[in-house]
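**Student:** predicted structure and sequence below. I'll ask about it afterward.
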Amino acid sequence: MSEPAITPHRRLLDLPNEILRNIMDMVADDHNGKGLEKFRQTCQQATLLADPVWLRNIQLENEFQCKKLDVVLKAAEHRKHYVEEMEIYLDADDSWEEDEAIRMLGFISRLPRLKRLAVRYNEGYDEEGMAELCTDFWGDTLNDELQNSHFAELEEFTIELTIQGSYSLSLVPLLGAPKLRRLDLHNLNLTQLQLDEIPSSSTCLTRLKFWTCVFDKESMRSILSKPRKLESLTLDGLWHERNNPKGYSGMKPHDEVTTLQEMLQIIAQEQPELENLTSTLHYPSTLRGQWKDEIRFDQLQNLKNLNIRAIENKKGEPLWRPVHALYDLPASIEHIKLTMVCGGLDFAGLVDALLDPKETAASLPTSLCHLEIDTGEKSEDWDNKDSMDRDLRENIGRLMAGSALPKLIYRQTHCRPVHLRDGQIRSRHWIRELTALRKVAIDRKSVSKLDEPYSLTEKTSAEDCPDQSMEFVDLCR
């Protein structure tokens, strides 16, 4: 009998390159890429295999990382084509130097195949106005880098600052990028922008976000006129320079109403096919009765998804009851999400208004198929959770029985202290989600049937431990 053939010992690098690259893709995020970095230093073949993965995503936070990346790129010219994502974190500390920020930003124009680029100012540092001073240091450099970059592959760009409306960014190179899909602008001064060289309806931008930016109507109209078809727009804390030169520190509810009203008019004119809109209100009273005739979402005739976020109830004010967000909705609306970030929501009052024929029930579009409510409950509310649970279920039942709404999701987030074995206390967010789903679709003529069955599903989980959850279903009539 012949002896079986002995398979020779094979090294890891004897595997096909495609398999090796798949392995490296899976381990690239472990230990911030340290393992992959050590692997590429073992031999020349490992370097050639690992470089496209190792250099794909770059983060720059200090001078050491800048020098290291500079050495790697200069050692082989082709490596600059491997970098697809880059995040630059600008900071100010005792060792801050203007040249350091300039060197970090200088990589932007050196990387021709960037797909995602983010420039962020490290939050939480503003000692003696250093944040504003440092913005002056690198502001001109960033604009120069944007002007000198072609951005042939750029798909996403984000800039985040910590000072409201303190910096003007040149948007021409970004809006002129042929593949740009997403643009997030934080804390920028968007007044007096010159965008004439970008033709209207010429860019492929589909997602746009403004966060605490100052604007004027002409500049905003110019920005929104450039995309061919904007699919998603987020308005988080915009304010008009004319009324609020100090930003939200001098903001009043009526100023927020005026700003939102102006934005809705501009959107309706420049992006009439917009389907997804998110708006954040720093003053929940914006959607009280006195403003209901001024905020009209029905101007956006193709809107399908509306997300309204409120930051918190101001001291001494009643709970948020955003019924007036549901006035004058477009006939195209399918999904509405109401979010109170910190605090409760007057759900009982909202249900009362929705079921009152004098209020909004008669005007709710039949296209609406999903209402979602998300609240950040106060920790002390947990002590009354049994009573709150009965009231919540009763109000869900009233809404589902008295309307034709097909689906309702009510989500509560409670922050509760957890006592650990070593005596320490940590906070844990418990998320409780109730989903009411109508079993039989009914039309508007059947809303008077109070015994229409629906299923109610409850799921409770810990935010940091999604496996710790429980779920049950019961039939309600």
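**Tutor:** Structure's in. What do you need? Residues are numbered from 1 along each chain as shown.
**Student:** residue 148 - nearest residue in space that isn't next to it in sequence?
**Tutor:** residue 109 (4.4 Å; C-beta to C-beta, 6 or more residues apart in numbering). Placement of C-beta: from N, CA and C, glycine included.
**Student:** quick one, helices of the stretch 151-300 of the chain?
**Tutor:** Under the criterion DSSP state H, counting those that start in this stretch, the stretch 151-300 of the chain contains helices at 172-175, 217-224, 253-270.
**Student:** possible to save these as TSV with distance to residue 85 and mean neighbour count?
**Tutor:** Output for these, formatted as TSV (distance: least, C-beta to C-beta, whole Å; neighbours: other C-beta atoms under 10 Å):
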stretch	distance to residue 85	mean neighbour count
helix 172-175	16	20
helix 217-224	25	18
helix 253-270	30	18
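**Student:** those: which one's closest to residue 105?
**Tutor:** Comparing the helices of the stretch 151-300 of the chain against residue 105 with C-beta to C-beta, the closest turns out to be helix 172-175 (13.6 Å).
**Student:** just the C-alpha atoms of the closest one, please, in PDB.
**Tutor:** Extracted C-alpha coordinates of helix 172-175, given in PDB (Å, rounded to 0.1, in the frame of the first residue of the first chain):
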ATOM      1  CA  VAL A 172     -17.700  76.100  -4.500                       C
ATOM      2  CA  PRO A 173     -15.100  73.200  -4.700                       C
ATOM      3  CA  LEU A 174     -17.500  70.900  -2.700                       C
ATOM      4  CA  LEU A 175     -20.600  71.600  -4.700                       C
END
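**Student:** thinking again about what came up before, could I get the helices of the stretch 151-300 of the chain as CSV with mean pLDDT?
**Tutor:** Formatted as CSV, the helices of the stretch 151-300 of the chain follow (pLDDT from 0 to 100):
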stretch, mean pLDDT
helix 172-175, 90
helix 217-224, 92
helix 253-270, 87
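**Student:** my read: residue 155 touches residue 115, true?
**Tutor:** Yes: look at residue 155 against residue 115 with C-beta atoms under 8 Å: they come within range, at 4.8 Å.
**Student:** a strand runs through residue 309, doesn't it?
**Tutor:** Yes: if the criterion is DSSP: H, G, I helix; E, B strand; the rest coil, then residue 309 is within a strand.
**Student:** dump the helices of the stretch 151-300 of the chain to a markdown table, plus distance to residue 358.
**Tutor:** Shown next, in a markdown table, are the helices of the stretch 151-300 of the chain (distance: least, C-beta to C-beta, whole Å):
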| stretch | distance to residue 358 |
| --- | --- |
| helix 172-175 | 47 |
| helix 217-224 | 35 |
| helix 253-270 | 23 |
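**Student:** out of those, flag the one nearest residue 198.
**Tutor:** Proximity to residue 198 (C-beta to C-beta) singles out helix 172-175 among the helices of the stretch 151-300 of the chain, at 4.9 Å.
**Student:** contact partners of the closest one?
**Tutor:** 146-147, 149, 151, 154, 157, 180, 183, 194-195, 197-198, 203, 205, 223, 226 (C-beta atoms under 8 Å, 6 or more residues apart in numbering).
**Student:** ok, 7 Å please
**Tutor:** 146, 147, 149, 151, 157, 180, 183, 195, 197, 198, 203, 226 (C-beta atoms under 7 Å, 6 or more residues apart in numbering).
**Student:** thinking again about what came up before, out of the helices of the stretch 151-300 of the chain, nearest to residue 71?
**Tutor:** helix 172-175 (27.9 Å).
**Student:** where does residue 437 land in three-state SS?
**Tutor:** Going by three-state DSSP: residue 437 is strand.
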